[in-house]
Structure formats: structure tokens, C-alpha cells
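>>> Pasted the sequence and its predicted model underneath.
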Amino acid sequence: MNREEVFDRLNEVFRDVFDDDSITVTETTTADDIEEWDSLEHINLLAAVEQEFGIKFNMGQVVSMKNVGEMADIIIAQLGA
Amino acid sequence: MRELEYPFDSEYILKKSKRIRRQLLEEGSAFLHKKIAVLGGSTTHDIIRVLELFLLNCGIEPEFYESEYAQYWQDVMFDNPLLVRFEPDLIFIHTSNRNIAAYPAPGTGEDEIDAMLEEQYGHFAAMWDRIADRYHCPVIQNNFEYPFYRILGNREAVLPQGRIRFLNRLNEKFYRYAREHDDFYIHDINYISAAYGLDKWADPFYWHMYKYAMCMQAIPEFSYNLANIIKAIFGRNKKSLVLDLDNTLWGGVVGDDGAENLEIGQETSLGQVYSEFQRYIKAQKDIGVMLNVNSKNEYDNALAGLNHPDGILRPDDFLVIKANWEPKSSNMAAIAQELNILPESLVFVDDNPAERDIVRTQLPGVAAPDIGTPEQYIRVLDHAGFFEVTNLSEDDRRRSEMYRANIERERQQQNFGDYREYLRSLEMRGTIKPFEPVYMARIAQLTNKSNQFNLTTRRYTQSDIERFAADESYITRYGKLEDKFGDNGVVSVVIGRKDEAERALHLELWLMSCRVLKRDMEYAMLDGMVHACRSCGIATLFGYYYPTAKNAMVRDFYGAMGFEKIREEEDHSSVWRYDIPAVYEDKNTVIRVAE
């Protein structure tokens, strides 16, 4: 799966979780860019991303993840392994 | 909504919850509004998010109070003003084994362990007592799930020092409290976590990252099970099972294969599966579920199948047997009518997805679960929790018997030319008295279950009912009716508020179970109220009718009772007045009443 496909699927997940079809995420998107993305919604978002890609984030990754670009890095690394 | 029916896709629900919520609010109407306080010992955000969906799906629109993180005990013990002002209709306490303050260690002595147990229990019991004292509302309390590791290995369950043993003993104390206190319910997360898989459930990631007592993916199962208790408390349980026969209650098609060739009994594996299922269904009768048949079959073939020597269910276990070639949806509607219950109280059990689909589309509100393959039938029906038991009353156990007596009465009625003569032949005996302790649970249950013959549709908890009974400014009456076919139990409830200045009584609640329609019980209740009023100098009754989607049958009830309409609003709600005449003649002449 290339980076573009990962972003396409991430976009779908974000739209589902926040019930907002106008969302488009980029490499630099952070929680500050999406109104409803608070620490509680973050939990649900990560669970939905894990399900979409069939992966599992570990604690270190969850703590250090800074933006959607880094999220994509982890997904690609896990899928490639 | 299909997405929320058991068995559901948890991850789908978690991901799409916002959209599902929006749709439920758009599609639904006439929700029952309830204020639910969630007092957590761990994070509760997503539990509430998903709980809301399941409650909306049963017609309950919740408004939530959520305690600050892990403040469950403090909120109650120190009267958090926000909670006090919220005036909850129900309190849910979400604690888990993570909230146990101290466990025994391998070297702890037994006396010390007993003291620890008392201390842990006392912490909770003091809180429950305070809730009962302050809030007078139902309480749902989690029991404890097992820890995900065992220091003493298999001996954990055996030795008093083991955490498993400690939690089992603590749970036992919780259960005793639940048995000894009305309106207190245990949410059995010990069972739910086991059924889900404890290792997955207790994933420490979710505790250490977010302080969730269980993994995210288990939350829908958790909230579904919790919603089942809540909907049962507020009278939204299903009442009746409607079962297909061929390949549902036995293997094979009785019309083609012949009754002697059906798979049921101990001869084959599949026969054993169907026997276990029939035994499960038969046991539902004992918790008050009414059984019926809806099958595409010749009637005689259906009976031949039900009389199979190795079968468990027998024709007389069923109230209504529809075995014909009519569409199953029409049979469903006919069954609801014969039992005098709403179609949405029915659960349709059929192995054929096409039949389920027709019933679902023709009769919205009827549950028609995807029951899977025969060996899955029990699990699906059981975990769906349609008939969640909150209070097993004598009435529940005898429900089928009472409905059968009703069907008997209707048959007899056809032999009488004159209806009053028929009523007299029933030899009815009524009891109409102020609320009494033994009937409080049943009275509360009726206020939550009665939809059709209910003038104001006010829902009350048992604590509310007890308060009315104790309050001098109210007149309360319950009505119980027996006849030669059997005892109908408590079937009618009236609550009136006194207005001393006006020498009047405002009828805040008047309801009757539809199982005693057209028996003149309503006249007997009016007589009872009039007698009570006269003995305390009240001269006028005011009746109120508030329309709902279901109570059109009583729109002119007060008119029929001799009241005069003094006001009617555009939405058809109305106010009625009755001046008690100087010489009052009892309106009921067919029921012998003890007051």
C-alpha cells in the first residue's frame, strides 16, 4: 500500500469518526485542525484506524505520534513488516 | 435499527456512532426521556456514547450526568450539588477490580482478610445506602470481573489470600445486598468479560493509556448489556416469542418428511441441538415469556410435529398456534391482537432470513434476530436480552396461565347472548385498596409497562410509588381482579392528588392492564375513588388525558365514565370534571369488591 492509499483510507476513517465529510487530512494535520478531535475522541479514532488497517499501535507509538503524517509512517512500517 | 441489534458489529458501531445517533434521533419519535447519572471509577466517556445509542434504539432518550474521573464515591458521599440538582431517574456505578483499594497478599492472615473484605464492602454499601436515602431511584452497580493475572495460579480461586477468591466473596456480598434491596441491580460484568474473553477484555493498554477498565472494542458489548437492564427497569422489555417450526424448533420439514422423520431427540447430533433449544425455549415460560407459533404448515402437521415423542415443547406450551399459509407478517399482527399486546412486544424466531426480512419491513418494531445456525440459536437469543429479568414477580411466572384463561373467557363469551350475563357468569371478585407493600413492585412495573389504557402515561419507580403511598396528600388505589378462570393479579392503578382548598382530587394517574378490558373494572375503580373521596370530604374529581402514540383508546374514557369535558387543547389533551352527586350509586354491578 503506498502513502497515497494510506491517506485515502485515513481520510475515510476520520470522516466516519467525526461524522464530517468535509474533512481532508494531510501530513501535517493535528488535533488542533479538527474541532471535535479532543483527547477522548482520540481514543476512538486510534481504535478505528487500527481496525481499518488491521494493525495495533503500541503505547510508545501512541504517546509520541505528533500528526497524521507520523501516524501514516507507523501504519506503513507495520504493514511492510 | 439493524446495526444495533444483537449480534452487532462492535467496531462498526464505535466508528460510526455519530452518524448512527443522528439517524436514531431523526427517525425516532415519542422517546421516553430519562436522566441517567453515570458515576465512574474509571473513564466512562465511550461507555456513555455507545449506551446512548442502544437506549435510543429501545425508545429511551437519555440525558446524562457524568462524574469527574473516578469521583463515583465522593459525588454521592459529599452530595455533589451538580448531581443533586440533576435529580437522576437512575444511577449507574461503573466500578471494576481496578477500584479495589487493598487485596490480601500471600501471607495475610484470615482474620485480616475478613476485615479487608468488610472494609471494601462497607465502602460500597455506605454509598448505596446514601443513594437510597437521597435519590430514591434505581441503582445499577457493576460486580467485579476477574484480574488478568494470577499470582497463586490455580490456587487463586481456592485460598482466601487469592484475589479471585477475594473478589468472589466480595461479589457474593454485592449479590446479597441486591437480593435484600428493591430497585438495586447488579450489572454482571464478571459474566460479560468471561463471555467476551478476559485477556482481550482486560488489555492493560487501555487502562494505562486512558484509564479504561476494559478494552475499547468490548465497550459495545458492555453498554448493550447495561442498556438491557435499563430498558427492563423502564418497562421496555419484549413480552412474547413467536416461533417458526420447520428447521427452527426441529430439523426437517414436517409436511414433507413426516413427523416420525424429524430431527429432535438424542438419536443424532442435530437432534440433540434442537432438543437443547426446545428446553431453552420452554424455560422462557417460567420467566413470564409467552410462547406462540407462526409456521407455514397445515395445522394438523404442525401439531403432529409438536407431539413428537422426543420433543420437549408441547402444543399446550403455546398460547396461539398459527399454522397456515398466510403471510407471516399477518400472522404476527393477529397474534399480537389475540394476546392484546403491541406488535413491538414480539420477538420473531425463524431460520429463514427472507421471512425475517418480511416481518421486519411489514411490522417495524418487531425484533427478528439473525439467529445463525441451529447450534447458535440459544446464544443469540440469550445474549440479545429481550426479556432481561429485573424482578421475578409471581405475575411473571404465571403470565402464560393468565393469558390462557383470557383466551378461554373469550371463547365462553361467544356462548352468551347478553354481555352483562356473561360478565356475571365470570363470578368476578375485586380488591381495591390503598397501595400496600407487597404490591409496590407490581404497581411500579404497571406504570412503566402500560401504554394503551393509560390516561397520563406517567412513569414511576418503586421508590416514587412508596412515596405516594406514604404521602397524606395523595389518594392511591390499586385494583386486583379474580374470576372463576383464575387470578389476574393487580391490573389497575389510580393516583389522585388532594386539593384541600377546592375540596377536589386531581387524577394524576389512571391506568389499567389491557388483559382486563371490558370487564367493568374501570367502574369499580371509580366507585373506589368516590368512596375514598367522600370519606375525606372531597366533592369533585378532575381527570386529565394526555395523548401519546399509543393511548388513543382512552381519549374519551372520562366522558364514558360520566365526567364533563371542561377543556381540550389542539393536541387533543383534555381536562374533565366530575362532581360527586349527593346520592352516589355504584357504577359497577358485576364485580364483588372488597375495599
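Happy to help now that I have it. Numbers count the residues shown, from 1 in each chain, chains lettered A, B, ... in the order given.
>>> Count the neighbours of A:Asn11 for me.
17 (other CB atoms under 10 Å in any protein chain shown). Yep, even glycine has a C-beta here, placed from its N, CA and C like the rest.
>>> Which positions in stretch B:15-30 come out as buried?
B:15-18, B:20-21, B:24 (16 or more other CB atoms under 10 Å in any protein chain shown).
>>> likewise stretch B:412-431?
B:422-423, B:425-426, B:428, B:430-431.
>>> out of the buried residues of stretch B:15-30, who's nearest B:Tyr545?
Using CB to CB, B:Leu24 comes nearest to B:Tyr545 of these, at 29.0 Å.
>>> what residues are up against the closest one?
B:1, B:53, B:56-57 (CB atoms under 8 Å, 6 or more residues apart in numbering or on different chains).
>>> B:Leu56 too?
B:21, B:24-25, B:28, B:31, B:62.
>>> Pick out whichever of those sits closest to chain A.
B:Arg21 (8.5 Å; CB to the nearest CB).
>>> Mind telling me what element that closest one is part of?
Following DSSP states H and E, the helix or strand that holds B:Arg21 is helix B:10-27.
>>> Just list what the helix or strand just after that helix packs against, helices and strands only.
Sequence-wise, the next helix or strand downstream of helix B:10-27 (DSSP H and E) is strand B:32-40. When contacts are defined as 3 or more CB pairs under 8 Å, 6 or more residues apart in numbering or on different chains; DSSP states H and E, strand B:32-40 sits against helix B:45-57, strand B:60-66, helix B:72-77, helix B:81-86, strand B:90-94.
>>> just the ones you listed: most buried one?
strand B:90-94 (a mean of 25; mean count of other CB atoms under 10 Å in any protein chain shown).
>>> Remind me what that strand packs against, helices and strands.
Against strand B:90-94 (3+ CB pairs under 8 Å, 6+ apart) you get strand B:32-40, helix B:110-135, strand B:139-142, helix B:219-233.
>>> buried sites along stretch B:103-117?
So stretch B:103-117, judged by 16+ other CB under 10 Å, has buried residues B:103-104, B:108, B:113, B:116-117.
>>> Throw these into a markdown table and include pLDDT and distance to B:Arg49, thanks.
Output for the buried residues of stretch B:103-117, formatted as a markdown table (pLDDT from 0 to 100; distance: CB to CB, whole Å):
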| residue | pLDDT | distance to B:Arg49 |
| --- | --- | --- |
| B:Tyr103 | 94 | 32 |
| B:Pro104 | 95 | 37 |
| B:Thr108 | 95 | 40 |
| B:Ile113 | 96 | 39 |
| B:Met116 | 95 | 35 |
| B:Leu117 | 95 | 35 |
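>>> give me the residue from chain B nearest chain A.
B:Lys18 (3.5 Å).
>>> Double-check that residue against A:Asp19; I have them as touching.
Yes: the criterion here is CB atoms under 8 Å, and B:Lys18 meets it with A:Asp19 at 3.5 Å.
>>> pLDDT at B:Cys536, what is it?
For B:Cys536, the model assigns a pLDDT of 91.
>>> How about the contacts made by it?
B:475, B:498 are the contacts of B:Cys536 under CB under 8 Å, 6+ apart.
>>> same check, this time on B:Leu14
Contacts of B:Leu14 by CB under 8 Å, 6+ apart are A:44, A:47-48, B:46, B:50, B:216-217, B:219-220.
>>> Apply 7 Å and report the result again.
When contacts are counted by CB atoms under 7 Å, 6 or more residues apart in numbering or on different chains, B:Leu14 touches A:44, A:47-48, B:216, B:219-220.
>>> With A:Phe7 instead?
A:25, A:72.
>>> Tell me the pLDDT of it.
Taking A:Phe7 on its own, its pLDDT is 96.
>>> For it, pull up the helix or strand it's in.
Taking DSSP H and E as the criterion, the element that holds A:Phe7 is helix A:3-18.
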